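# Starting from these lines, generate the structure:
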Amino acid sequence: MTANIQRIGVVGAGAWGTALAANAAQQGRRVVLWAREAAVVAAVNESHRNTMFLPDVALDPGIKAIAELAHVCDADAVMLVAPAQFLRPLCRELAAHWRPGTPALICAKGIEQHSGELMSEVVAAELSGARLAVLSGPTFAAEVAKGLPAAVTLACEEDALGAALVEALGSPHFRPYLSSDVVGAQIGGAVKNVLAIACGIVSGRRLGDNARAALITRGLAEMIRLALAKGASRETLMGLSGLGDLVLTCSSEQSRNMSLGLELGRGARLTDILAERRSVAEGVASAPAVLALAGRLGVEMPIAAAVDAILHHDASVDEAIAGLLSRPFKGEWD
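Here you go, the predicted structure:
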């Protein structure tokens, strides 16, 4: 039996973690938000704003920010919202304080670089006894924090737990749709960030809306191939955590990944772009991890490979584009 979820811990006080904390508080939950930065803890508790990552949103005064990771585990459920490449060490710190049976709702999008593991695989390895669920979908943090309408996938293999999490977090303006496909929800969230960088490059190079639409569609085909090889359902990738998130992230400069690609397409260097940013563009780290996983599963992903070549192997943007455009013609679903 899954207990009523009233107390929620949030690990990670970037823009998305703060937005999810704000949403949970709006639903009447008691929220504790862990931040690594002392300035964020002070700002949330004193001025009720995350001045570092989400400065334009007033937060519920009931949200308590903390710097002690152990205290976030004193909750009915914990949302894991740290960047994907930092999730494993954080889970190792949490493990000493984790109460067996506590739900872990994974909200990080990515694939771990050195292992090629999904976030659910990372959490299962480091937090034994955690009951796993995944939250993913087309969301910009500021809009969720302000209460603007959004819909997401909440994937969980336990029906009762999934329903309890929907009850705790859902509202008319934040609508979770249940799925049992934990793998598919994660593949969509990880791959779409890589494809968003590609769409930004296309826009930065002024290749036109036709090219962007083609890239989104062919990118979706790559995403589906990888998901099926990993054991996911095609239908999941056609839903909110796949196509929905892909369309949003590839269509707006609010996306950190698309805006990074836009600057690359305009001729900026990756090191210079990253040096000017405080927030994480997950697609930069996910690109090689996605390709490594695809290689192990025997899946061809030419768009993801082109992005990785630009980001990490000194390929020029024009060379990468020319390589994609000169590929042999074939059937659409071959």
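# contacts and neighbour counts: CA atoms only from here.
OK.
# Please identify the helix or strand for Thr18.
Using DSSP states H and E, Thr18 sits within helix 15-26.
# helices or strands up against that helix?
strand 7-11, strand 30-34, helix 141-145, helix 159-169 (3 or more CA pairs under 8 Å, 6 or more residues apart in numbering; DSSP states H and E).
# okay, these in TSV with mean neighbour count, distance to Asn257 and mean pLDDT next?
Formatted as TSV, the helices and strands packed on helix 15-26 follow (neighbours: other CA atoms under 10 Å; distance: least, CA to CA, whole Å; pLDDT from 0 to 100):
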stretch	mean neighbour count	distance to Asn257	mean pLDDT
strand 7-11	26	22	98
strand 30-34	24	25	98
helix 141-145	19	14	96
helix 159-169	18	26	97
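# Go through the ones you listed and name the closest to Arg88.
strand 7-11 (12.4 Å; CA to CA).
# export the helix holding Thr18 as CSV, just CAs?
Output in CSV follows, covering the C-alpha atoms of helix 15-26 (Å, rounded to 0.1, in the frame of the first residue of the first chain):
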residue,chain,number,x,y,z
ALA,A,15,15.6,26.2,-12.5
TRP,A,16,13.8,22.8,-12.9
GLY,A,17,14.2,21.7,-9.4
THR,A,18,12.9,25.0,-8.1
ALA,A,19,10.0,24.9,-10.5
LEU,A,20,9.0,21.4,-9.4
ALA,A,21,9.3,22.5,-5.7
ALA,A,22,7.0,25.5,-6.6
ASN,A,23,4.5,23.2,-8.2
ALA,A,24,4.4,20.8,-5.3
ALA,A,25,3.9,23.6,-2.9
GLN,A,26,1.1,25.0,-5.0
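# State the distance from Pro176 to Lys109.
17 Å (CA to CA, to the nearest Å).
# same question, Leu59
Leu59 sits 24 Å away from Lys109, going by CA to CA.
# one step back: which one's more surrounded, Pro176 and Lys109?
Neighbours per residue (other CA atoms under 10 Å) separate Pro176 from Lys109, with Lys109 holding more: 29 against 25.
# mind listing what the more buried one touches?
For Lys109, the contact set (CA atoms under 8 Å, 6 or more residues apart in numbering) comprises Pro83, Ala84, Met119, Ser136, Gln186, Gly189, Ala190, Glu282.
# Go again with 7 Å.
Lys109 makes contacts with Ala84, Gln186, Gly189, Ala190, as judged by CA atoms under 7 Å, 6 or more residues apart in numbering.
# got it, and Gly17?
Neighbouring residues of Gly17 by CA under 7 Å, 6+ apart: Val10, Val81.
# What's the per-residue pLDDT of it here?
In this prediction, Gly17 carries a pLDDT score of 98.
# ok, now Thr2?
Per-residue confidence (pLDDT) for Thr2: 58.
# in the stretch 151-300 of the chain, which ranges drop under the pLDDT threshold?
For the stretch 151-300 of the chain, no stretch is flagged by pLDDT under 70.
# Which stretches in it count as strands?
Applying DSSP state E, counting those that start in this stretch to the stretch 151-300 of the chain gives strands spanning 174-179.
# so what secondary structure elements neighbour the longest helix that the chain contains?
In the chain, with assignment by DSSP state H, the single longest helix is helix 182-204. Counting contacts by 3 or more CA pairs under 7 Å, 6 or more residues apart in numbering; DSSP states H and E, helix 182-204 packs against strand 131-136, helix 209-229, helix 234-237, helix 245-249, helix 256-265, helix 282-297, helix 302-312.
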